[in-house]
Each structure stands twice: as C-alpha cells, then as structure tokens.
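[1] Okay, here's the prediction I keep looking at, along with the sequence it came from:
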Amino acid sequence: MFVFKKHLSPKATKTLAAILRWGGTLASTALFVWLLSRQKWEIVLEKATGIAFWAILLAPAFYLLAYGFNTLRWCVLLWTQQVKITFWQAFRLSWAASFASNFLPSTIGGDGFRMLAVHTYTGRKTISIGSVALDRMINMAAMACLLPAPLLTFGTSLGKLFSGGIAAVPAGLPKLFERYFPKLVAAFETWASRPWAFVYAFLVAWPSNLFPMSATYVLAHQLGLSVTFWQVISVQTVTYFLSVLPISVNGYGLREVAYTTLYVALGATLEQASTLALVTRFLMVLTTIPGAIWLSRTLTGSTNLEGGESIGEF
C-alpha cells in the first residue's frame, strides 16, 4: 500500500485503506471462528454460566474506572491549556468516543471523534487535535514500559506463537506512525512550556491500564485459569499493541485470536481461553453502550464550529 500510495488519488488511498482494514478484521474473525468451531460448547457454556454474579458486576466497574482515569489523563492536558471543560463533560466525550470505537478503525478510532467533539470547548484546532494525540501517545508510552513483561513471560516463543497471519501486523506500524507523528510534534511544541503536565498524565495512565487488567484477572480465575497477575499483564500488553494497529475495526477478531493463543500457551484449555476472550469483549462493549446517549448529541453540537472553521480530516 505504501509503495504505490504516491500514485493513487486521496480517494483511492482511503478506499484501499478501508478494504485492507476490513480485510484484516474479516481474516482475524474467520480465524477466531475456526478456533471456536474446535471447542466443546457444552464446556464453554458451563464455564461462562459459572462466573459469579459479583465478578460480572466488578469487571464493568473496573472498566468504568479505567474510563475515568483515561478522562482524567486527557483533562490534565486540557486544563494546562486553560480549556474550560469539566471532568464530567470530558468523561461524556470519552464515553461517546469509546462507543464510536466499536465501529471505527483499530481501538483508537474514537480519537478522531474526541478531536472533533472537544473543539466546542477549546475553540483552537491545535489544542483539539494536540490534546488527543498527546493523550494517546502518553498512554502508549506507559504501556510500552510493560513490554518486558511478555518478553519475560513468553521469551523467544512469543514470535513463534504468532507465526501465522497475525505475524503480518507490523505492516500497520507505518500507517500508525504516519497518522500520529505530525500531530504529536505539533502537540509537543504546544505543551513544551508545561512539562509537569506530561508527568501527571503519565502517572494517571497507569491505573487507566491496570484496571482493565484487573478485570481480566478476576474473570480468568472465575473461569478456572491458573494465571498470575503478571501473566495477565503480559497478555494484555501484547493484545493492546496489536489492537491499536489500524488493520482492523476495534481489534475485532485480532484481539480474540491473540487472547486465545497466549492463554493456551500459559496452560489454559481452548475453551477457557476463548471464553475469556468472548466474555471480556462482551463486558467491554456493554460498558460503552451508555456512550451512545451523548454520541449523536455531541456530533450535532460539533458540526457548527466557530467562524466556520473545519477541524479537517483525522
């Protein structure tokens, strides 16, 4: 795609990117469906229905707390630029973006929505785009600190586990770099005079990532997996970086295949690993549904920008 991009019109490039993205989603989903076809469904249903009610409530609570810390991290960046937005207002935008991500490229598809929606409060294109781009990169930096975990847990076998179709995912890295690097440079220039904002945002990124891992840990033990929290961190770190690549829609299929592959490698049965992938996905999507309440309202309110200014294409 990147070799011939200069010979394609912008419309053709976007069309090709969409085809590749949906192709990646369909390929990953097909592989996961194949894995599901190999299971004993009576065992899957038995394990899923055996999850305690308190765990079903606790996991979404952890996801909501993660949304809260994600919002706080973003607010730190906005507030340092004197943007008049409350935590609740930013939380609603983040929640709506999380819902929108269910239908957008990779797990960061909602970032474009946030850039558009927050412009109502910032009134400045550089802050609207820069705050979201910087927020995403700070979160990725925090997750990058956890990369030694999967390397220590799986060692050299990590590459062998994904020697099939998923091994091609690094091809999505140039697209991710191309999409965010210019915005990131501009954001660093804007926030350069407020270095403490980077520190605070980086610290807030840790609980925002550890809470979803805690939810997975609780559900994994409910399904009978004998895994440590360190191993959960290892799996979640790998699946996070796979999911942010713009080669699928919200990481559908890609994340589930990775979950199943990695937890089976840690000693789980195919039924346990795939059930964990399905249950965690279902609960995560479930917690985003309230975001639909503010999605259409926010989009309507963000179409008429001050002075007719356009945010542009994300």
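    Okay, I see it.

[2] What's the separation between Ser274 and Ala265?
    14 Å (Cβ to Cβ, to the nearest Å). Heads up, the C-betas are built off the backbone N, CA and C, glycines and all.

[3] and those two? which has more neighbours close in?
    Ranked by neighbour count (other Cβ atoms under 10 Å), Ser274 and Ala265 place Ser274 first, with 24 against 17.

[4] Surely Val83 is in contact with Ile127?
    Yes. Under the criterion of Cβ atoms under 8 Å, Val83 makes contact with Ile127 at 6.4 Å.

[5] can you give me the helices in the stretch 1-150 of the chain?
    Ranges of helices within the stretch 1-150 of the chain are 10-37, 41-49, 53-79, 87-100, 110-122, 125-144, 148-154, based on DSSP state H, counting those that start in this stretch.

[6] Can you say which of those is nearest to Leu270?
    helix 10-37 (6.9 Å; Cβ to Cβ).

[7] so which of the helices of the stretch 1-150 of the chain comes closest to Met213?
    Met213 sits nearest to helix 53-79 of all the helices of the stretch 1-150 of the chain, at 8.7 Å, using Cβ to Cβ.

[8] who does the closest one touch, helix- and strand-wise?
    When contacts are defined as 3 or more Cβ pairs under 8 Å, 6 or more residues apart in numbering; DSSP states H and E, helix 53-79 sits against helix 87-100, helix 110-122, helix 125-144, helix 195-222, helix 270-288.

[9] So which elements touch the shortest one?
    Contact partners of helix 110-122 among helices and strands, from 3+ Cβ pairs under 8 Å, 6+ apart: helix 53-79, helix 87-100, helix 125-144, helix 292-302.

[10] average model confidence for the third one?
    Within the predicted structure, the mean pLDDT of helix 125-144 is 92.

[11] Can you point out the buried residues in it?
    By neighbour count on 16 or more other Cβ atoms under 10 Å, the buried set for helix 125-144 is 125, 127-140, 142-143.

[12] So the nearest residue to Leu152 once chain neighbours are set aside versus Met143, what's the distance?
    With sequence-adjacent residues excluded and distances taken as Cβ to Cβ, 6 or more residues apart in numbering, Leu152 is closest to Ser234, at 7.6 Å. As judged by Cβ to Cβ, Ser234 and Met143 stand 12 Å apart.

[13] go on, Thr260?
    Applying Cβ to Cβ to Thr260 and Met143 gives a distance of 21 Å.

[14] Kindly report the same for Thr275.
    Taking Cβ to Cβ, one finds Thr275 at 25 Å from Met143.

[15] Name the residues contacting each of Ser234 and Met143.
    Common contact partners of Ser234 and Met143 (Cβ atoms under 8 Å, 6 or more residues apart in numbering): none.

[16] Next, the contact list for the closest residue to Ile289 other than its chain neighbours, please.
    Excluding its sequence neighbours, the residue lying closest to Ile289 (Cβ to Cβ, 6+ apart) is Phe99, at 6.6 Å. In this structure, Phe99 makes contact with 110, 288-292, 295, judged by Cβ under 8 Å, 6+ apart.
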